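Trainee: here's a sequence, model it:
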Amino acid sequence: MAIEEIDLGISPDDGNGDELRVGGAVINSNFAYLESLADNVNIYKYAFVDFDDPLDTAYTTQIADYINNNANGGFTKLGNQNVFIHSTKYVSGNPTDPNNVLSAVTYVWRFDLGKGVWGNGGNAVSFASFSFVGSYQEGAGSTINYDLLTQTSTTVEDVVNASGPYVIPAESVVKFEINLDGEDQVYYYVGETQILIGNGETQVDSSNFILTGDITPSPPSPTDYITQQQLSDSFYDNHAFSKQNNLSDFDYLTDKFYILATAEPNFYFASKKTNDEDFIGSRIHIGLSNAKFDLEQPDTSSVSGYKVWELGVISGAFEEGELYGFQAWFCRKNISEKFDSKTFTYNGTDNTFALPDVAVKVLNVFIGQGVYPDQVPNGEVTQVTVDSSLLFGSGVKVTIQYIKR
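Mentor: Numbering: from 1, shown residues only. Okay, the predicted model is just below:
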């Protein structure tokens, strides 16, 4: 069914609307419908316990203890919801061996009791309250989501350091979801891989995370210069590999992207000048070498037709002519230092506004309280010209947000 409306008639007291009892029935029916929707929303809880056999009642008891005693363990079951308890465990692997990387297995239990307030703050549960459902394994190349639950007055790095531990495999996208002071946030982990982080393991700081603005972010367009609010969650593209003695010897390249090796030995990332992507200020992750690099200004003269960034010496058994995946984050960890915003007052005649810096990308143009994406210029600029028909006369405020060089 859909939400029903009460017939109010045409005017007050005209006798044409629903009678009082009918109107009350409509209200009751609407509330029952809304409750039925809530009844069918699954609840997912994450319990951080260590175990060997998920069928052993000793470990199921740990799950029950977590739900009963942890501040984030309690939940309210309204009706027909399924309540699933997830617990992720480290699976053996060698952190230094790319062929035997760390992975994780997540075990899932279903809560079998009915309506009520359960666990911390409500009715106690026991191992008999759960049935084991199954498991799934995560490792290299996968997307891993960790739920840090609801927290207050803290930071994602502090929560991670005090909980877990969390498996960070190679070549995987790792996301941490958290409700912080009532706001749902998702952080991408961009630190070292093939390690365990968290309580009793490697400790992290804010530089290891990038905040996104969406629970399920979409990969950006290649032409977007994105910020911390946008981030690709998959391999961005493939690069080829080639080796010569000197950069000047690479006069035969045709692919969009390359890792180039020279005799020094040095490695370089090369992007064709005709590509849409602007890698200035971005971060790339070379999958085969499991290495990340922040790209600044490129060399545009050494390799004909390509922008080239020196990476130094990197590992990886690259083979001539083969394609390898890489990730690209079009943002910078210190982007707050590069972001700027300038407000101008229109003088009634000059609709060109000079910026105090070179802008590698203009993000937004505001006129008064409105935002005008069609007034955002492309590419690198030092000034922004706004359509004079939008300026409404002298005294209008124009704000330009941009990333400066």
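Trainee: I'd say residue 7 and residue 19 touch.
Mentor: No - here residue 7 lies out of contact with residue 19, judged by CB atoms under 8 Å, at a distance of 9.5 Å. Placement of C-beta: from N, CA and C, glycine included.
Trainee: more neighbours: which of these two?
Mentor: Neighbours were tallied for residue 7 and for residue 19 using other CB atoms under 10 Å; the higher tally belongs to residue 7 (13 against 10).
Trainee: helix, strand or coil for the nearest residue to residue 85 once chain neighbours are set aside?
Mentor: Sequence neighbours aside, residue 109 is the residue nearest to residue 85 in space, at 4.4 Å (criterion: CB to CB, 6 or more residues apart in numbering). Remark: residue 109 carries the secondary structure label strand [criterion: DSSP: H, G, I helix; E, B strand; the rest coil].
Trainee: and the pLDDT for residue 109?
Mentor: In this model, residue 109 is scored at 78, pLDDT.
Trainee: could you shift the numbering so residue one becomes 14, and keep it that way?
Mentor: That works, and once the first residue is 14, the last one we named lands at residue 122.
Trainee: distance of it relative to residue 190?
Mentor: 20 Å (CB to CB, to the nearest Å).
Trainee: do the same with residue 131
Mentor: Relative to residue 190, residue 131 is positioned 22 Å away (criterion: CB to CB).
Trainee: which one of these two has more residues nearby?
Mentor: Summary of the neighbour comparison: residue 131 and residue 190, criterion other CB under 10 Å, with residue 131 having more neighbours (24 against 16).
Trainee: for the residue nearest to residue 98, list each beta-bridge partner.
Mentor: Counting by DSSP bridges, residue 122 forms beta bridges with residue 98, residue 145.
Trainee: I figured it hits residue 145, correct?
Mentor: Yes - judged on CB under 8 Å, residue 122 makes contact with residue 145 at a distance of 5.6 Å.
Trainee: more neighbours: these two, which one.
Mentor: In this view residue 122 and residue 145 are compared by other CB under 10 Å, and residue 122 has more residues nearby, 25 against 17.
Trainee: check contacts around the closest residue to residue 354 other than its chain neighbours.
Mentor: The shortest distance from residue 354 to any non-neighbouring residue, by CB to CB, 6+ apart, is to residue 414 (4.6 Å). Contact criterion CB atoms under 8 Å, 6 or more residues apart in numbering gives 352, 353, 354, 375, 376, 377, 378, 379 as the residues in contact with residue 414.
Trainee: start to end distance for stretch 161-179?
Mentor: Chord length of stretch 161-179, first to last residue, is 11 Å (CA to CA, to the nearest Å).
Trainee: buried residues in it?
Mentor: Within stretch 161-179, the residues that qualify as buried are 161, 162, 164, 169, 170, 172, 173, 174, 176, 177, 178, 179, counting by 16 or more other CB atoms under 10 Å.
Trainee: farthest-apart pair in these, please.
Mentor: By the measure CB to CB, the buried residues of stretch 161-179 have their two most distant members at 164 and 178, which lie 17.6 Å apart.
Trainee: can you identify the element that follows the longest strand anywhere in the chain toward the C-terminus?
Mentor: Ranked by number of residues, the top strand in the chain under DSSP state E is strand 365-380. Counting by DSSP states H and E, the element after strand 365-380 in chain order, helix or strand, is strand 383-384.
Trainee: now that following strand, how far from the centre of its chain.
Mentor: Averaged C-alpha coordinates place strand 383-384 at 26 Å from its chain's average position (CA atoms, centre = their mean, to the nearest Å).
Trainee: tell me which strands and helices it is in contact with?
Mentor: Helices and strands in packing contact with strand 383-384 are not found; criterion 3 or more CB pairs under 8 Å, 6 or more residues apart in numbering; DSSP states H and E.
Trainee: list the contacts of that strand.
Mentor: The set of residues that contact strand 383-384 without belonging to it, under CB under 8 Å, 6+ apart, is 377, 378.
Trainee: let me see the domain layout of this structure.
Mentor: Following automatic domain parsing, the chain resolves into domains at 56-225, 250-342, 348-417.
Trainee: which residue ranges of the stretch 314-418 of the chain form helices?
Mentor: Using DSSP state H, counting those that start in this stretch, the helices of the stretch 314-418 of the chain run over 348-351.
Trainee: with secondary structure as extra columns, can I get the buried residues of stretch 161-179 in TSV?
Mentor: Converted to TSV, the buried residues of stretch 161-179 look like this (three-state DSSP):
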residue	secondary structure
161	strand
162	strand
164	strand
169	helix
170	helix
172	helix
173	helix
174	helix
176	coil
177	coil
178	coil
179	strand
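Trainee: what is the nearest of those residues to residue 80?
Mentor: Each of those was checked against residue 80 using CB to CB; the closest is residue 162, at 12.1 Å.
Trainee: and the closest one, how far from residue 306?
Mentor: 34 Å.
Trainee: next up, the contacts around residue 385.
Mentor: Shown here is residue 385, whose contacts under the criterion CB under 8 Å, 6+ apart are 378, 379, 399, 403.
Trainee: next one: stretch 82-89 to chain centre, how far?
Mentor: The chain centroid and the centroid of stretch 82-89 are separated by 26 Å under CA atoms, centre = their mean.
Trainee: cool, and stretch 367-378?
Mentor: Per CA atoms, centre = their mean, the centroid offset for stretch 367-378 relative to its chain is 26 Å.
Trainee: tell me the buried residues in it?
Mentor: 368, 372, 373, 374, 375, 376, 378.
Trainee: repeat for stretch 261-269
Mentor: 263, 266, 269.
Trainee: check stretch 399-406 too.
Mentor: Residues of stretch 399-406 classed as buried by neighbour count (16+ other CB under 10 Å): 399, 403, 404.
Trainee: just give me the closest of the residues you listed to residue 341.
Mentor: Top of the list for closeness to residue 341, among these and by CB to CB, is residue 399 at 31.7 Å.
Trainee: from residue 58, how far out is that closest one?
Mentor: Shown here: residue 399 relative to residue 58, a distance of 51 Å by CB to CB.
Trainee: next one: residue 379
Mentor: Between residue 379 and residue 58 the distance is 43 Å, computed by CB to CB.
Trainee: who has more neighbours out of the two?
Mentor: Legend: neighbour count by other CB under 10 Å for residue 379 and residue 58, higher for residue 58 (23 against 16).
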